[in-house]
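Colleague: Need the 3D shape of this:
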Amino acid sequence: MKAIVLNEPGKPEHFVLAEVPVPAVKAGEIRVRVQAAGLNPVDYKVAMNGHPNWQYPHVSGVDVAGIVDAVGEGVTQWKAGDRVVYHGDFARPGGFAEYTTTIAHTAAAIPDRVSFVDAAAFPCAGLTAYQILVRKMHMQRGQSILVHAGAGGVGGYAIQLAKQLGASIIIATASPNNEDYVRALGADYVLDYNQEDVHARVMEITAGEGVDLIVSSVNRATSQKDLSALAFGGQLACIAGAPETVADFQPSTKTFTLHKLMLGGAYGSGRKAEEELAAMATEFLQLIEEKKIDPMVNKVISLEEIPQGLQLLSERHVQGKIVAKIGD
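Modeller: Predicted coordinates for the structure are as follows:
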């Protein structure tokens, strides 16, 4: 089969097209004929240093949508021909190929009215945003929120989810050329992180109270500053570095909750955690099917174009999602 592989750890330009064997399906697994694969920053970030479990040539790609091709021993919930999507374990071979395998209980059924491309766009970024707002923060109607990197995958989905959950104020950060796009997703305010003091503006917009929720996906330094923009009892979710001095932050004047998240951490945490990936995906797919969430597919590319797509992602100025259409 055709696949985009790494022959050793490297940058996006080190991903190459190759012929590799079709993977065998093991007990508890399904083999998927890949129809579409979403591109994510984790795909090129982990590739830089590789992973101890990888055997080369290695196939990356954690977000996969396709058709069940074969089922392993003990699998009863799927059959050949079923349409599925899943967020995979980056320690295993992935979906930048014509066929791949995954643990059966991590996959969710794709509704007939959702395309493979739209399904492949959301798992990594969409489920991260969903886990933050729904599973961890339990966002309530009327709460305010700051979403960093609003034009990106996690940020874009978080804005849309916050809108669906009834946020009172949605503040997002983005570059000026992405302002209209981010507003269209549902942001009430879009702050230019290069020109504005984001946290001072948040306090100004909220009349000095701060926001109830913050989704931080930039870096540790930004997360540190986010603490000063939280309302009393607020919640901060970090997916790219937690603050360093949480214990000493105004303990007598503010209380807050800190969430440190990594979606892929579900793998290796037991079957319940892995099944939660499928459960969240099922709920998210319903929102897409009902047109309550836009999958944010910005660019559709071919299997052969995946290295260039990863290069674009690494430059950190992509709106929404890039998806590789692999099947016919």
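
Colleague: okay, which residue is most central for this protein?
Modeller: With distances taken as C-alpha atoms, centre = their mean, A125 lies nearest the centre of the chain, 1.4 Å away.

Colleague: What residues does Q164 make contact with?
Modeller: Q164 makes contact with L287, K292, I293 under the criterion C-beta atoms under 8 Å, 6 or more residues apart in numbering. The way it works is simple: take the backbone N, C-alpha and C, and place the C-beta from them, glycine included.

Colleague: Over to F96?
Modeller: Applying C-beta under 8 Å, 6+ apart to F96 gives the contacts A3, I4, V5, F15, A37, D43, V59, S60, G61, L303, I306, A324.

Colleague: Inside helices: which ones of the residues you listed?
Modeller: Those of the contacts of F96 mapping onto helices are D43, I306, per DSSP state H.

Colleague: Report the lowest-confidence entry in the contacts of F96.
Modeller: Scanning these for pLDDT, the low point is D43. It has 94.

Colleague: any idea how far L310 is from it?
Modeller: Distance, D43 to L310, by C-beta to C-beta, to the nearest Å: 6 Å.

Colleague: and which of the contacts of Q164 is nearest R316?
Modeller: Taking C-beta to C-beta as the measure, R316 sits nearest to I293 out of those, at 23.0 Å.

Colleague: three-state assignment of that closest one?
Modeller: Of the three states, I293 takes coil according to DSSP: H, G, I helix; E, B strand; the rest coil.

Colleague: what's the burial count for the nearest residue to L165 once chain neighbours are set aside?
Modeller: Distance criterion C-beta to C-beta, 6 or more residues apart in numbering; nearest residue to L165, sequence neighbours excluded, is M139 at 4.7 Å. Using other C-beta atoms under 10 Å, M139 has 21 neighbouring residues.

Colleague: doesn't K163 make contact with M139?
Modeller: No. M139 lies out of contact with K163 (C-beta atoms under 8 Å); the separation is 10.8 Å.

Colleague: neighbours around E8, how many?
Modeller: Counted with other C-beta under 10 Å, E8 comes out at 11.

Colleague: do the same with V42
Modeller: 19.

Colleague: Show the contacting residues for it.
Modeller: Counted by C-beta under 8 Å, 6+ apart, V42 has contacts V62, F90, C124, G264.

Colleague: Most neighbours among these, which one is it?
Modeller: Counting neighbours by other C-beta under 10 Å, V62 leads the contacts of V42 with 25 neighbours.

Colleague: got the contact list for that residue?
Modeller: Contacts for V62 were tallied using C-beta under 8 Å, 6+ apart; they are 38, 40, 42-43, 87-90, 94-95, 123-124, 264.

Colleague: what sits up against whichever helix or strand E276 is part of?
Modeller: For E276, the enclosing helix or strand under DSSP states H and E is helix 271-289. Residues from elsewhere that reach helix 271-289, judged by C-beta under 8 Å, 6+ apart: 85-87, 103, 105-111, 113-114, 118-119, 122-123, 126-127, 130-131, 134-135, 164, 263, 265-267, 293, 295.

Colleague: repeat that with 7 Å
Modeller: 85-87, 103, 105-108, 110-111, 113-114, 118-119, 122-123, 126-127, 130-131, 266-267, 293, 295 (C-beta atoms under 7 Å, 6 or more residues apart in numbering).
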